[in-house]
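Student: Quick one, what's the 3D model for this:
(chains A and B)
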Amino acid sequence: MRSVATISENSAFDVARLRADFPILAERVYDKPLVFLDSAASAQKPQCVIDAVSHCYSREYANIHRGVYYLSERATQAYEDARVKVQRFINAASEREIIFTKSTTEAINLVAASYGGATLKEGDEIILSHLEHHANIVPWQLLRQRIGIEIKVVPIDERGNFLLEEFEKLLSPRTRLVAVSHTSNALGTITPAAEIVRLAHAQGTPVLLDGAQSVVHGPIDVQALDVDFFAFSGHKLYGPSGIGVLYGKADLLAAMPPYQGGGDMIKRVTFEKTEFADIPGRFEAGTPHIAGAYGFAAAIDYVSAIGMEAINAHERELLDYATARLQEINSLRFIGTADDKAGIVSFELDGVHAHDIGTILDREGIAVRVGHHCAQPLMDRFGITGTVRASFGLYNDKADIDALVRALGAVREIFG
Amino acid sequence: MSALRELYQEVILDHGKAPRNFGKPEHVTCESNGHNPLCGDTVTIYLHLDDGIVEEATFEGRGCAISIASASMMTEILKGKQLGEVSAMFERFHNLVTEDEAACEGGFDSEEFEKLMVLSGVREFPMRVKCATLAWHTMKAALQGGAEEVTTE
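Tutor: Residues are numbered from 1 along each chain as shown, chains lettered A, B, ... in the order given. Next comes the predicted model:
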């Protein structure tokens, strides 16, 4: 972590102007100004995203890929344009490599069920890390129940660093897939993804990155990372909930069987047999979140106009400021102080349960996440049941952090 | 601050920090585990029943100030009670933390009722009602001999 002295205002980044784009930030909670510090769970939406969803429903809504009429053509075009936007946003080689899902969770389940189900055999190993969200644990356990794979877990150190040398030791000729978090939702740890991919590829093992957190905190280039699967969702990226993405390399996706069956994923159906559609349609059975794609595209335009590098710099500045300010509180212990971190701080206060802190902060208008953050094995690793987590988005400013520090004072007032 | 002060009264903070009847007694006739998946909190209730009377009630577990205080106060009040009284108390307590005050009248003698009243502040915090009721639901399950873990979800 850098020291306070190195903090400088990111002059190009006008946070006050950006805050005005988010109508909810003008809301008051218990007659206090809303201080939203839970973007890692789900980010708030700028007006342009709200307008895009509304535009879809009020001007262009119809089902896609089937109608021959004007509205359906418009909606289909917008949906496919959104796919191209996502492709460019993460620098995928082709839009065929972008599969819309309902969430990051569904994207990972898709890989586990389809790729895992078709490729892995009993006794094969996959590697996860101790940092994982339940969404990148449970799908693999379901697969283990189904076919008897073995799950290996890369340990972390006391500060929450991913231990690359331990990962290297776990890699074996039996390792068939590596599935790890790119950025920990609970601690903010950024994992050494490029190194992980390089080591895994050296022995021909593909890698899935859970990018739900990383995609919002900085630029992603899946080709530069050379990652095989990359999963993320729209709602953490200031877009609607209910739409997510699985990126997969075309050759891998093309060899994978369907995940779900239904409409929109077929070429021709008879009662004897079905010929499946090519990618990406093969993995998009049923009517998707059409308006969500409109909103998702608007969100990508929005963050791209600001610049992911600029957002990254802003959030790093907030992280440094928050770390310095919170350190002033004697009874506060950080959980997760990895060398490389995204805009997430997790901590506990001596003698006060996270849920009690969350309730008191709430009455001060401050929204933080308290509890296990869907990462119970990680909490067990630290011998705790939960933490208080403040996470930063592009609209947060230092005043939000000052409000948090003040409110933690109110906690101490009550709990002594 | 007033609703918060109402919730975090001194009595609750005191029971939260220094819970009474914490631990496993020598004689246990029934016990049950409770779990709140939302926060990962757990509680185990131990009862020693003799001839339809609660001779001993203790608990173990970890949780927030509300859930620990509620478990602590519950074990205090259960001692010496007949099973019929315990059932009535369960209903009354549930009303106390979810309904208005009128619904809570009767059922306890006044002094005991007074003690539990401090937990009524949780009514203003719907997300926290389960913290207050976890111990009570777990106690009920223990009496019913349930081997299944109680959860708040």
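Student: partners of A:Val154 in the sheet?
Tutor: With DSSP bridges as the criterion, A:Val154 is bridged to A:Ser129.
Student: Now do the contacts for it.
Tutor: The neighbourhood of A:Val154, defined by Cβ atoms under 8 Å, 6 or more residues apart in numbering or on different chains, consists of A:Ile127, A:Leu128, A:Ser129, A:His130, A:Phe162, A:Leu163, A:Glu166, A:Phe167, A:Leu170, A:Val180. (Each C-beta comes from the backbone N, C-alpha and C, glycine too.)
Student: Just the pLDDT at it, thanks.
Tutor: pLDDT, the model's per-residue confidence, is 98 for A:Val154.
Student: Flag every residue of chain B that's near chain A.
Tutor: Within chain B, the positions adjacent to chain A are B:1, B:3-5, B:7-8, B:13, B:17, B:38-41, B:62-66, B:125, B:127-128, B:131 by Cβ under 8 Å from any Cβ of the partner chain.
Student: out of those residues, which are inside helices?
Tutor: When DSSP state H is applied, the residues of chain B next to chain A are split such that B:Ala3, B:Leu4, B:Arg5, B:Leu7, B:Leu13, B:Lys17, B:Ala65, B:Ile66, B:Cys131 fall in helices.
Student: Kindly reformat these as a markdown table containing pLDDT and neighbour count.
Tutor: As requested, those are exported to a markdown table (pLDDT from 0 to 100; neighbours: other Cβ atoms under 10 Å in any protein chain shown):
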| residue | pLDDT | neighbour count |
| --- | --- | --- |
| B:Ala3 | 85 | 14 |
| B:Leu4 | 89 | 21 |
| B:Arg5 | 87 | 11 |
| B:Leu7 | 91 | 25 |
| B:Leu13 | 94 | 16 |
| B:Lys17 | 93 | 15 |
| B:Ala65 | 94 | 25 |
| B:Ile66 | 94 | 30 |
| B:Cys131 | 93 | 30 |
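Student: Could you measure from the residue of chain B found nearest chain A over to A:Leu37?
Tutor: Closest residue of chain B to chain A, Cβ to the nearest Cβ: B:Cys64 (3.7 Å). As judged by Cβ to Cβ, to the nearest Å, B:Cys64 and A:Leu37 stand 20 Å apart.
Student: Then A:Glu348?
Tutor: Using Cβ to Cβ, we find A:Glu348 at a distance of 16 Å from A:Leu37.
Student: And those two? Which one has more around it.
Tutor: Neighbour count, other Cβ atoms under 10 Å in any protein chain shown: between A:Glu348 and A:Leu37, A:Leu37 has more, with 26 against 21.
Student: If I look at the nearest residue to the more buried one once chain neighbours are set aside, what pLDDT would I see?
Tutor: The shortest distance from A:Leu37 to any non-neighbouring residue, by Cβ to Cβ, 6 or more residues apart in numbering or on different chains, is to A:Ala390 (4.1 Å). A:Ala390 carries a pLDDT value of 98.
Student: for the residue of the stretch 101-250 of chain A found nearest chain B, what are its contacts?
Tutor: Among the residues of the stretch 101-250 of chain A, A:His134 lies closest to chain B, at 11.2 Å counting by Cβ to the nearest Cβ. Counting by Cβ under 8 Å, 6+ apart, A:His134 touches A:Cys374, A:Ala375, A:Gln376.
Student: which residues sit in contact with the residue of chain B closest to chain A?
Tutor: A:His353, A:Ala354, A:His355, A:Asp356, B:Gly16, B:Cys39, B:Asp41, B:Arg128, B:Cys131.
Student: can you tell me which residues contact the closest residue to the fifth one other than its chain neighbours?
Tutor: When you say that, I think you mean B:Gly16. Once flanking residues are discounted, B:Gly16 sits nearest to B:Ala65: 3.4 Å by Cβ to Cβ, 6+ apart. With contact set as Cβ under 8 Å, 6+ apart, B:Ala65 has these partners: A:Val352, A:His353, A:Asp356, A:Phe415, B:Tyr8, B:Ile12, B:Leu13, B:Gly16, B:Lys17.
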